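Visitor: Sequence and predicted structure below; questions after.
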Amino acid sequence: MVRDITLGQFMPGTSVIHRLQARTKIILLIALIVFIFLCKNFISLLLITLFSLLTILMTRISFFKYLKSLRVILFIIIITGLFNLFYGSGVILWQWWQLTITLGGVYNALFVIVRIALLMMVSAVLTYTTSPTDLTDALERLMKPLTVFHVKVHEIAMMMTIALRFIPVLLEETDKIMNAQKARGADMESGGIIKRVKALIPVLIPLFVSSFRRASDLAMAMECRCYNGGKGRTKMKVSHFKLNDLFAAIISVTVFAGVIVCNILFPAVI
Amino acid sequence: MSVIKAENISFVYSPGTAFEKKALDNVSFEIEEGEFVGIIGHTGSGKSTLVQLLNGLLRPSAGKIYLDGKDIWEKPKKIRNVRFRVGMVFQYPEYQLFEETVYKDISFGPGNMGLDEEETDKRVRKAAEFTGLKEELLEVSPFDLSGGEKRRAAIAGVIAMDPDVLILDEPTAGLDPLGREALLSQIADYHKVRKNTVMLVSHSMEDIAAIADRILVMAKGKKYMLDSTANVFAKGDELEKLGLKVPQVTKIMMMLRKKGINVDPAVLTVDQGFNEILNCLSAR
């Protein structure tokens, strides 16, 4: 059933990571991802892996949830891993017909697998520990400088908030309309591709109509509360950087510096 | 023979996930042909889930549902035939309208049944007549109708399939008192003329009291009782414990009786109540 798809991944909590500013988390996440890809040898990769795992542990969300986020891209990880296995140079370990596996290829595969897995899991740290509202609010403030180039930052943020908010509503609505049409004998489970696409018309049209109705209702409700865009709009809860954000930044920067040092001190393997 | 028979049916939403929720728990009952059955229950009591099971939109997690003595899930590929025989009008059915004209929308069901044009035309016009849609409205876009007319058009779309069992889930929700009364009396008239089985889900006792033969009371996913309308409302105290209200006039009768006045509490409409009080007064 459609409603089984879980979106909104936020898991409320009070851990150290939860309490960080959304802006801090976004900036450090981007930096962390960059450094995950900058690792050139096993020592620096180990360092960044340990740091990521420590962060994950500090969220106090079951590790199983993070593994679950990996399941979605398991296929991609396996395929890229396999391709990298055959791509590389150095000592030949195994050879058959056109296929050769070299030591360099093994390293490449190992690195790529660890990198993608870490990338997914640290991104999950952000989405698991930050509410969608905080997230869009932080994005809006981080993108603020772009207003110089006439980018409508506030509007973009508002659209994101509204879109996120309405995904579950629309899913539920789709489910309802599909059931109603099935009750009138609509057949959506059999037939070729063209027949199936045609069978979607009785679902899509009511869905469109109700989306427009919802949108205009929402616009009306917002205007009734005097909403007229971001200009001059103040926030009820203004978030400020605090001491814990500074600590998080210092610790992260130390780790990032460590990665650079390890990259210089030890020979690169890829 | 009973037209619908539910045997120990249970239903669980999203089994095996964090969102697992038991909506129905071991429910059994039989509905006779030609009956008008009301289904009442508090929000979340499982009544909407129950009716979706009856026409095969949901498959029971356990138990069996029989239509004319045959298990409806015997041949899962043929479930569409069950849906044609057990017509289902959802809550706020006007949101399912999609065709260019009301006529085309009402004929969507009959068209899916594979009926020829002549038969379809006959059924569309008949369904429009039953629901009180004016002839000239058949050629306009359903999106240009008023709220009440949209509701009628959507109900006509199900009636046009001429189901042996018609299930209506809160058909009067959101209508004004006049529209409510008119729609309910049309449903009652339809039932009288067509002589088929009708099941009406509602949490308005007043709606059901006047037209249902029997009432199925649901509570927390279980069948609380299934009995004649008078017998169900005679147990007004129990219904109130379930968070359900008996009709106001029934409640007055119950209060009068508590004060020691000898009236029959199983009174369902204001007219009956009026006569009952008159009888009581003249007996003095």
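Guide: Sure thing, it's come through. Residues are numbered from 1 along each chain as shown, chains lettered A, B, ... in the order given.
Visitor: C-alpha from now on. contacts and neighbour counts both.
Guide: Will do.
Visitor: a helix runs through B:K22, doesn't it?
Guide: No. B:K22 is assigned strand when assessed by DSSP: H, G, I helix; E, B strand; the rest coil, not a helix.
Visitor: Spatially, what comes nearest to it if we skip its sequence neighbours?
Guide: Excluding its sequence neighbours, the residue lying closest to B:K22 (CA to CA, 6 or more residues apart in numbering or on different chains) is B:V12, at 4.3 Å.
Visitor: next one: B:L239
Guide: Closest to B:L239 by CA to CA, 6+ apart is B:K245, at 6.7 Å.
Visitor: The one you found: how many residues sit nearby?
Guide: A count of nearby residues for B:K245, using other CA atoms under 10 Å in any protein chain shown, gives 20.
Visitor: Name the next helix or strand downstream of the helix or strand containing A:S211, please.
Guide: Assigned by DSSP states H and E, A:S211 belongs to helix A:193-224. Once the chain leaves helix A:193-224, the next helix or strand it forms, by DSSP H and E, is helix A:243-265.
Visitor: one step back: just read off the phi/psi values of the residue nearest to B:K22.
Guide: Per-residue torsions, B:V12: phi -120, psi 130 (degrees, to the nearest 10).
Visitor: So it versus A:A186, what's the distance?
Guide: For B:V12, the distance to A:A186 equals 25 Å [CA to CA, to the nearest Å].
Visitor: For the helix or strand containing A:R141, buried residues please.
Guide: Counting by DSSP H and E, the element that carries A:R141 is helix A:132-143. Applying a neighbour-count criterion of 16 or more other CA atoms under 10 Å in any protein chain shown, one finds A:P132, A:T133, A:L135, A:T136, A:D137, A:A138, A:L139, A:E140, A:M143 buried in helix A:132-143.
Visitor: Now render the residues you listed as JSON lines, adding distance to chain B and pLDDT.
Guide: Below are the buried residues of helix A:132-143 laid out as JSON lines (distance: CA to the nearest CA, whole Å; pLDDT from 0 to 100):
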{"residue": "A:P132", "distance to chain B": "21", "pLDDT": "82"}
{"residue": "A:T133", "distance to chain B": "23", "pLDDT": "81"}
{"residue": "A:L135", "distance to chain B": "25", "pLDDT": "86"}
{"residue": "A:T136", "distance to chain B": "27", "pLDDT": "86"}
{"residue": "A:D137", "distance to chain B": "29", "pLDDT": "87"}
{"residue": "A:A138", "distance to chain B": "30", "pLDDT": "90"}
{"residue": "A:L139", "distance to chain B": "30", "pLDDT": "88"}
{"residue": "A:E140", "distance to chain B": "33", "pLDDT": "87"}
{"residue": "A:M143", "distance to chain B": "36", "pLDDT": "88"}
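Visitor: could you point out the longest helix in chain B?
Guide: The longest helix of chain B (DSSP state H) is helix B:177-194.
Visitor: Distance from the chain centre to that one, please.
Guide: Averaging C-alpha positions (CA atoms, centre = their mean, to the nearest Å) puts helix B:177-194 12 Å from its chain's average.
Visitor: Stretch B:175-187 too?
Guide: Remark: stretch B:175-187 is offset 14 Å from the chain centroid, using CA atoms, centre = their mean.
Visitor: Skipping adjacent residues, who's closest to the residue of the stretch 51-200 of chain A found nearest chain B in space?
Guide: Residue nearest to chain B within the stretch 51-200 of chain A: A:R184 (4.8 Å; CA to the nearest CA). Of all residues not flanking A:R184 in the chain, B:G109 sits nearest, at 4.8 Å (CA to CA, 6+ apart).
Visitor: what's the pLDDT at whichever residue of chain B sits closest to chain A?
Guide: Nearest to chain A in chain B, going by CA to the nearest CA, is B:G109, at a distance of 4.8 Å. Looking at B:G109, its pLDDT is 91.
Visitor: residues in contact with the helix or strand containing B:G111?
Guide: Using DSSP H and E, B:G111 sits within helix B:108-113. With contacts defined as CA atoms under 8 Å, 6 or more residues apart in numbering or on different chains, helix B:108-113 is touched by A:R184, A:G185, A:A186, B:F84, B:T120, B:R123, B:G157, B:V158, B:A160, B:M161.
Visitor: what do you get if the cut-off is 6 Å, keeping everything else the same?
Guide: Contacts to helix B:108-113, defined as CA atoms under 6 Å, 6 or more residues apart in numbering or on different chains, come from residues A:R184, A:G185, B:T120, B:M161.
Visitor: Next: stretch B:233-248.
Guide: Outside stretch B:233-248, the residues within contact range by CA under 6 Å, 6+ apart are B:M205, B:E206, B:A266.
Visitor: sorry, back to before: got the buried residues of helix A:132-143 as TSV, with distance to B:Y224 columns?
Guide: Formatted as TSV, the buried residues of helix A:132-143 follow (distance: CA to CA, whole Å):
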residue	distance to B:Y224
A:P132	42
A:T133	43
A:L135	47
A:T136	48
A:D137	49
A:A138	51
A:L139	52
A:E140	53
A:M143	58
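Visitor: now for the residues you listed, which pair is the farthest apart?
Guide: By the measure CA to CA, A:P132 and A:M143 form the most distant pair in those, at 16.3 Å.
Visitor: Filter the contacts of stretch B:233-248 down to just the ones in helices.
Guide: Among the contacts of stretch B:233-248, the members falling in helices (DSSP H) are B:M205, B:E206.
Visitor: Of the contacts of stretch B:233-248, which are in range of chain A?
Guide: Near chain A, judged by CA under 6 Å from any CA of the partner chain, there are no entries from the contacts of stretch B:233-248.
Visitor: Contacts for stretch A:117-135 next, please.
Guide: If you take CA under 6 Å, 6+ apart as the criterion, stretch A:117-135 is touched by A:Q9, A:F10, A:M11, A:H18, A:Y66.
Visitor: of all those, which comes closest to A:F51?
Guide: When these are compared for distance to A:F51 (CA to CA), A:Y66 wins out at 15.3 Å.
Visitor: State the helix or strand in which that closest one lies.
Guide: Secondary structure assignment for A:Y66, by DSSP H and E: helix A:63-71.
Visitor: Show me what the helix or strand that that helix is followed by packs onto, helices and strands only.
Guide: Counting by DSSP H and E, the next helix or strand C-terminal to helix A:63-71 is helix A:74-85. Helix A:74-85 sits against helix A:103-129, with contacts defined as 3 or more CA pairs under 6 Å, 6 or more residues apart in numbering or on different chains; DSSP states H and E.
Visitor: and the helix it packs on, which residues are buried?
Guide: Buried residues in helix A:103-129, defined by neighbour count with 16+ other CA under 10 Å: A:103-129.
Visitor: How many residues are close by the closest residue to B:I277 other than its chain neighbours?
Guide: Using CA to CA, 6+ apart and skipping residues adjacent in sequence, the residue nearest B:I277 is B:V263, 7.0 Å away. As a burial measure, B:V263 scores 20 neighbours (other CA under 10 Å).
Visitor: And for B:V82?
Guide: 20.
Visitor: Identify each buried residue in stretch B:81-99, please.
Guide: By neighbour count on 16+ other CA under 10 Å, the buried set for stretch B:81-99 is B:82-99.
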